[in-house]
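Asker: build me a structure from this.
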Amino acid sequence: MLNHRILLNQRPVGEPNAESWKADQEEVRELADGEVLIKVLYISIDPAMRGWMNAGKSYIKPVEVGDVMRALGVGEVVASKNDRFEVGCHVSGSVGVQEFAISDASDLVKVDAKALPLPVYMGTLGMSGLTAYFGILDTGMPQEGETVVVSGAAGAVGSVVGQIAKIKGCKVVGIAGGEDKCKYVVEELGFDACVDYKSGNLRKLLRTECPEGIDVYFDNVGGDILDTVLGQINKKARIVICGAISQYNATEPQGPKNYLSLLVNRARMEGIVVFDNYKKYPEAIAQMIEWIKAGKLNINFQEEEGGVAAFPEVLMKLFKGENTGKLVLKIQA
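Answerer: Down below sits the predicted model:
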């Protein structure tokens, strides 16, 4: 059986390009004891992938040049030498950008393909949804009646953050790029308002929508937008640093210039890495399933076709702002 896959060919400087990747195929080997063979059905397309391509210290080791590109995904077990995972069950975990993945099963979780569409287990109930859950609740600590602002509001993480903040009784204002995305954030996700950072004066737009200031800011983009928000935070505000997609391809990343606002307002800025909360994943997933069943949490995702060969192009949709909700790539049926 042939396995088609995408390897990291060289570390990019700036945006990944055609030279960053190498298409490859190999015969699927025999399983060792404890291993399972997964037919990969979908992979998750995440901004974090750009960071995984860089050498150097981070919260997770980088993908090595010549290795299969790291990706989370869902698939079907088609062969097993592990008593916990029978042939025919569906699982989520780290599978890579390939058609078949052999796993020691250490990070695999069974998922119910009949209860919800499989991409939901990579989005709302996957890494992005869990990041949103722990980031807004444990780090942002929103209180009823507070004003919460979310950048990247139409994306996989931001869309869930805003909905959870609404569930907790907050006023929620999104920041997104373009009229269509802002309309989606308000009409489909239930945010109170959404400002289009591409339309003009973001500072003025935020002051209009947040006349009493900002208590919690969930940052997915960094750069100028972070600086603008820092100028409007309230005393004891909480700034959640989840990502900085505006900086990932920059050769000279821009840090916050307006950081003294943290001092003036006795505010706190703290990063969130979802893997720190792995022991609490089950309770978070159970709570979000309750919200989904109650109609309080939207499970929208954007599915792209094309298999492994489409991965380089689909990844760049994130950095061009061409996704709404969770972006997933269908690998095979």
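
Asker: quick check: which element contains Val160?
Answerer: If you go by DSSP states H and E, Val160 is part of helix 156-167.

Asker: again, but for Ser261
Answerer: Short version, using DSSP H and E: Ser261 is in helix 260-264.

Asker: check Ile292 too.
Answerer: Per DSSP H and E: helix 281-293 holds Ile292.

Asker: for Leu37, same thing?
Answerer: Using DSSP H and E, Leu37 falls in strand 36-44.

Asker: tell me which residues touch Val78, please.
Answerer: 37-39, 87, 100 (C-beta atoms under 8 Å, 6 or more residues apart in numbering). Placement of C-beta: from N, CA and C, glycine included.

Asker: and if we set it to 7 Å?
Answerer: 37, 39, 87 (C-beta atoms under 7 Å, 6 or more residues apart in numbering).

Asker: now Leu262
Answerer: Met269.

Asker: quick one: it from Leu137, how far?
Answerer: 21 Å (C-beta to C-beta, to the nearest Å).

Asker: Leu205 now?
Answerer: The gap separating Leu205 from Leu137 is 27 Å, by C-beta to C-beta.

Asker: in the helix holding Ile292, what counts as buried?
Answerer: By neighbour count with 16 or more other C-beta atoms under 10 Å, helix 281-293 contains the buried residues 281, 284-285, 288-289, 291-292.

Asker: what's the answer for stretch 32-40, then?
Answerer: Here stretch 32-40 shows 35-40 as buried, counting by 16+ other C-beta under 10 Å.

Asker: from the buried residues of helix 281-293, which is closest to Ile272?
Answerer: Closest approach to Ile272 among these (C-beta to C-beta): Ala284, at 12.9 Å.

Asker: which residue packs closest to the closest one, ignoring adjacent ones?
Answerer: Excluding the flanking residues, the one nearest Ala284 by C-beta to C-beta, 6 or more residues apart in numbering is Tyr133, at 4.7 Å.

Asker: show me where the stretch 201-333 of the chain has its strands.
Answerer: 214-219, 233-241, 268-271, 301-304, 326-330 (DSSP state E, counting those that start in this stretch).

Asker: mean confidence for the longest one?
Answerer: Along strand 233-241, the predicted confidence averages to a pLDDT of 98.
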